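1. Got a predicted structure here, sequence first:
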Amino acid sequence: MYLTDGRPGPATQGRPGGRRTGRNRRAGAAVPSTVLVLGTVSLITDISSEMVTAVLPLYLVAELGLSPLGFGVLDGVYNGVSALVRLVGGRLSDRGGGRGHKAVAVVGYGLSALCKPLLLLVHSLPLIGAVLAVDRTGKGLRTAPRDAMISLAAEPAARGRAFGVHRAMDTAGALCGPLVAFLLLRLAADGYDAVFTVSFCVAVLGVVVLLLFVPGRALSARRETAAKDTTTEHTAARDTAGRAPDGPRTPVRDLLGRPQVRRLTVCAVLLGLTTVSDSFLYLTLQRRLDLPAGWFPLLPLGTAAAFLSLAVPMGAIADRIGRRRLFLVGHLVLLCAYGLLLAPLTTNTALVCAVLVLHGTFYAATDGVLAAATADAVPADTRGSGLAVVQTGQTAARFVCSLAFGAAWTAWGDHTALLAAAVGLALAAALSTRLLRPAGPAAAPNSPSEHTP
């Protein structure tokens with residue numbers, strides 16, 4: 001669809017259903033260049049954002065003296081404000097047959113870049129919260145159009161793999177960001193100032209790559225995806241009781257009127273309400289093991305390394321066994337990480353490694369997989385809006401979780417707060433399993449998104 005999307009060649013013409021030979025099937029499995037370029041943009045941007053994320057919890061709690069409740073408010077802002085603008089970003093990006101995808105993404109990446117140097121100037125809770133809110137507004141604007149471009153560039157049967165490749169590149173940046181922050185804290189006289197300054201420079205580079213190398217619009221989105229998305233369109237038509245899918249102006253309520261989108265959104269909300277944020281997870285691990293402050297930025301490296309290693313394999317597994325099923329399995333993996341943190345174990349090194357590996361596995365099995373599952377349920381013309389609906393529900397739920405977890409930590413301590421989150425996650429996973437169980441007719445052949453969960 002973008003740049004290198006292939007059209008049916010001579011080998012596929014004249015065959016029933018356009019089936020490919022083995023050689024052509026392997027060629028079609030190649031990752032589109034648009035996915036690779038967007039992955040590069042995400043890699044660069046994640047180096048910038050993860051530099052800040054790696055030091056922010058310690059900077060706020062140890063340097064500025066915020067309480068766990070105060071940090072919970074800011075962490076909720078950091079992870080939840082984007083929910084307020086994702087629907088706007090998805091809606092704007094769908095206009096003009098996909099013409100707005102890149103423009104909205106550029107605005108989002110640019111806003112986040114501009115916020116990095118502002119962290120050098122603010123030191124109070126309200127001002128820091130305002131800067132983080134603007135930064136997350138940028139993330140909220142760019143996420144849905146970026147994922148829409150990825151889903152439109154990839155063939156439907158290989159969307160899980162395409163998102164896996166993108167998330168792997170994104171996570172490579174997440175792996176480098178904390179390492180750069182760790183080195184700057186050790187080498188620079190004013191460590192935090194150096195981290196925020198370098199982060200800004202790297203973020204600007206990501207915006208430049210996006211502007212120069214990502215194509216400006218879809219190449220006739222409806223025509224190019226008609227053959228690829230036949231199954232999705234038919235499923236969407238069934239979801240609306242025989243009514244043809246609406247055009248780009250489909251409101252949110254019509255998207256939620258599609259059973260697949262509605263079920264995915266409800267499950268994303270339920271599971272998000274019990275997903276403890278990365279920052280709280282690392283703070284819990286650091287306090288349990290009494291790690292020195294200088295080593296704190298290295299904790300995200302374990303998560304990022306596992307995510308990087310498993311993102312592509314998990315995407316391929318999702319294409320094979322079903323994306324909704326793997327999404328649920330990923331949350332069970334997170335539940336195992338909670339269990340290890342709650343267990344009375346004494347081997348510190350093994351505990352750290354196990355928790356971080358499980359944490360990274362959780363992201364590999366859920367992050368891109370949820371986007372791929374959503375893309376299967378939404379027509380091409382409303383892809384950005386559909387992705388935004390599900391992502392908004394998940395992000396808003398995680399915002400609430402951060403506030404609740406911070407309050408529970410302040411009132412009862414980190415152990416009790418994590419125990420409550422673990423019980424809630426187990427219940428949410430059980431309910432989500434029932435919600436995602438297919439109730440309609442069997443899925444069409446070769447449609448991995450319709451596998452039972």
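-> Great, that's in hand.

2. Please make it C-alpha for all contacts and neighbour counts, starting now.
-> Noted.

3. Quick check, pLDDT for the closest residue to Val31 other than its chain neighbours.
-> Beyond its immediate neighbours in the sequence, the residue positioned closest to Val31 (CA to CA, 6 or more residues apart in numbering) is Ala162, lying 6.3 Å away. Note on Ala162: pLDDT of 93.

4. Tell me the buried residues in the helix or strand hosting Ala162?
-> Taking DSSP states H and E as the criterion, the element that holds Ala162 is helix 159-187. Buried residues in helix 159-187, counted by 16 or more other CA atoms under 10 Å: 159-182, 184-185.

5. Check the gap between Thr374 and Leu298 for me.
-> For Thr374, the distance to Leu298 (CA to CA, to the nearest Å) stands at 33 Å.

6. Compare those two and say which is more crowded by neighbours.
-> When Thr374 is set against Leu298 and neighbours are counted by other CA atoms under 10 Å, the residue ahead is Thr374, at 26 against 19.

7. Low-confidence ranges, the stretch 51-200 of the chain, go.
-> 76-83, 96-99 (pLDDT under 70).

8. and the nearest residue to Thr303 once chain neighbours are set aside, what helix or strand is that in?
-> Excluding the flanking residues, the one nearest Thr303 by CA to CA, 6+ apart is Gly360, at 4.2 Å. Per DSSP H and E: Gly360 is located in helix 348-377.

9. Please point out which parts of whichever helix or strand comes after that helix sit buried.
-> Under the assignment DSSP H and E, the closest C-terminal helix or strand after helix 348-377 is helix 383-412. Of the residues in helix 383-412, those buried by neighbour count under the rule 16+ other CA under 10 Å are 383-410.

10. could you list every residue that touches the residue most central in space within the chain?
-> For the chain, the residue nearest the mean C-alpha position is Asp367 (4.5 Å; CA atoms, centre = their mean). If you count contacts by CA atoms under 8 Å, 6 or more residues apart in numbering, Asp367 has them with Arg167.

11. Kindly recompute the last result at 10 Å.
-> Under the criterion of CA atoms under 10 Å, 6 or more residues apart in numbering, the contact partners of Asp367 comprise Phe163, Gly164, Arg167, Phe307, Ala311, Gly315, Phe327, Gly330.

12. got it, and Val106?
-> Gly100, Gly138, Leu141, Arg142, Pro145, Arg146, Gly206, Val207, Val208, Leu210, Leu211.

13. Turn those residues into TSV, columns for neighbour count, secondary structure and distance to Arg86.
-> Compiled in TSV, the contacts of Val106 are given as follows (neighbours: other CA atoms under 10 Å; DSSP: H, G, I helix; E, B strand; the rest coil; distance: CA to CA, whole Å):
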residue	neighbour count	secondary structure	distance to Arg86
Gly100	22	helix	14
Gly138	28	helix	9
Leu141	30	helix	5
Arg142	29	helix	8
Pro145	32	helix	9
Arg146	23	helix	11
Gly206	24	helix	20
Val207	23	helix	19
Val208	14	helix	23
Leu210	21	helix	19
Leu211	15	helix	21
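
14. Most widely separated two among the residues you listed?
-> Using CA to CA, these reach their maximum pairwise distance at Gly100 and Gly206, which is 18.7 Å.

15. Give me the distance between the closest residue to Arg159 other than its chain neighbours and Leu256.
-> In space, not counting the residues next to it along the chain, Arg159 is nearest to Ala372; the distance is 5.7 Å by CA to CA, 6+ apart. Relative to Leu256, Ala372 is positioned 17 Å away (CA to CA).

16. and these two? which has more neighbours close in?
-> Neighbours of Ala372 and Leu256, each counted by other CA under 10 Å, are more numerous for Ala372; the result is 31 against 18.

17. quick one, the helix holding Gly360 and helix 159-187 angle?
-> Relative orientation of helix 348-377 versus helix 159-187 (axes from the mean of the first three to the mean of the last three CA atoms, to 10 degrees): 140 degrees.

18. List the buried residues for helix 348-377?
-> Using 16+ other CA under 10 Å, the residues of helix 348-377 that count as buried are 351-352, 354-377.

19. Ok, stretch 87-98 next?
-> Burial within stretch 87-98, assessed by neighbour count using 16+ other CA under 10 Å, is assigned to Leu87, Val88, Gly89, Gly90, Arg91, Leu92, Ser93, Asp94, Arg95, Gly97, Gly98.

20. and if you look at stretch 121-138?
-> Burial within stretch 121-138, assessed by neighbour count using 16+ other CA under 10 Å, is assigned to Ile128, Gly129, Ala130, Val131, Leu132, Ala133, Val134, Asp135, Arg136, Thr137, Gly138.

21. Check which helix or strand the fifth one maps to.
-> Read it as Leu132. Under the criterion of DSSP H and E, Leu132 resides in helix 125-153.

22. Helix 383-412 and that helix, what's the angle between them?
-> Our comparison of helix 125-153 with helix 383-412, counting by the same axes, to 10 degrees, yields an angle of 140 degrees.

23. Pull the number of nearby residues for Arg324.
-> Number of residues near Arg324 (other CA under 10 Å) recorded here: 29.

24. Surely it touches Leu436?
-> Yes: between Arg324 and Leu436 a contact is recorded at 7.2 Å, counting by CA atoms under 10 Å.
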